Every structure is written in structure tokens, then in C-alpha cells.
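Trainee: Generate a structure from the sequence data that follows.
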Amino acid sequence: MTEATLEQRIQQLEDIEQIKKLKALYCKYCDGNWPGPSHPDPDKIADLFTDDAESETPFHGKIVGKEAHIAHYQRCQATPFCVHWVTNPIIEINGDNASGEWWLLVASTSPAGGANWTGAVYEETYQRTDDGWKIKTMNLKVGFVCPYEQGWAAPNERTSPPLESVD
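Mentor: Next comes the predicted model:
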């Protein structure tokens, strides 16, 4: 296997940083300006995706294409408040394509006024375009959704073990 040149390694680092910024902009544009509303500019969010992008979540099903993404984010405006925290990015560059995984925690207010937590993982692919990196596919794998007041553990599981028993 041929070792990458310094120029290639720098390009890979720049690509990773551009994809991190792409994801940060996605979260910023979804969260809106506090105090709300969320998703204030669906066109701006959809511009982060390729024209033929596909997204899928257990909440909204499969979304294909730019116009469908715009319509989806218009419907999301019913959520009066949300904040996305994404962490632990694993980004792999392969020429003009890339893949990424992000852990997600969302605090949100439902349209009915309830406060909720969501924990999930984004599995994504990206494509380099003339306008920079864009999201090609986005799949949300949900670990939990729960009311803020209840939390994600069942009531009998909420007691933490004594500190001395934690490894």
C-alpha cells in the first residue's frame, strides 16, 4: 500500500473539517434562533443536501429529493423548540465520497407542548459537489425517545450503583 503524501493527508483533514462544519450548519439551521421557531428556513436546510438525497427516520419515514426535504422541514416547523447536540464524529473520506456517524442527543418541545429527549445515531454519506460537501444520505437510528420528566430509564432502574462498584 502506498503511503499518502503530505498534500493528500492535508486534503483529507480539510475534507473532514468541511463535513464537520456541514453537520454543524445542519443542526444550527434545524434549531433556529431561540426562542424559536425551529426549522425557520427549510430551503436553507435542504441546500445542505444533494438534489437526489435520501433521508430516513422512524418518525417521518423515507424522504427523497430536494423538494421532499423542503416539505419535510416545513412540517418540522410545528416543533416550537429543539436543540441538537451531535458528538463523536467518525468520518471516512474516499475521494469525492465520504461516510459519517454522529451520536445525537436532542431536547425538544412537541407541538402539543411536552418536553422530550431523543437519543440516536446519524449514519450518513456525503458527496463532494461544485458547491462543497453535501449530505447524500441521512439515516437516523433511534435509541430512545422519552418525556423529559420521565427520563429514559424505567422508574425502578433510576437508582445509580454505589460509586465504589463502578469500574
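Trainee: So which bits of stretch 78-89 are buried?
Mentor: Judged by neighbour count using 16 or more other C-beta atoms under 10 Å, the buried positions of stretch 78-89 are 79, 81-82, 84, 86. All C-beta spots, glycine's among them, are computed from the backbone N, C-alpha and C.
Trainee: Output the residues you listed as JSON lines; include the columns pLDDT, secondary structure and distance to K44.
Mentor: Listed next are these as JSON lines, based on pLDDT from 0 to 100; DSSP: H, G, I helix; E, B strand; the rest coil; distance: C-beta to C-beta, whole Å:
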{"residue": "T79", "pLDDT": "91", "secondary structure": "coil", "distance to K44": "16"}
{"residue": "F81", "pLDDT": "92", "secondary structure": "strand", "distance to K44": "18"}
{"residue": "C82", "pLDDT": "93", "secondary structure": "strand", "distance to K44": "16"}
{"residue": "H84", "pLDDT": "96", "secondary structure": "strand", "distance to K44": "15"}
{"residue": "V86", "pLDDT": "97", "secondary structure": "strand", "distance to K44": "18"}
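Trainee: Among those, which one sits closest to S108?
Mentor: Closest to S108 out of those is C82 (3.9 Å), distances taken as C-beta to C-beta.
Trainee: That closest one pairs with what?
Mentor: Taking DSSP bridges as the rule, C82 bridges to S108.
Trainee: That one and P40: what is the separation?
Mentor: 12 Å (C-beta to C-beta, to the nearest Å).
Trainee: What of K28?
Mentor: Taken as C-beta to C-beta, the span from K28 to P40 is 11 Å.
Trainee: again, but for T79
Mentor: Distance from T79 to P40, by C-beta to C-beta: 11 Å.
Trainee: same check, this time on T129
Mentor: 24 Å.
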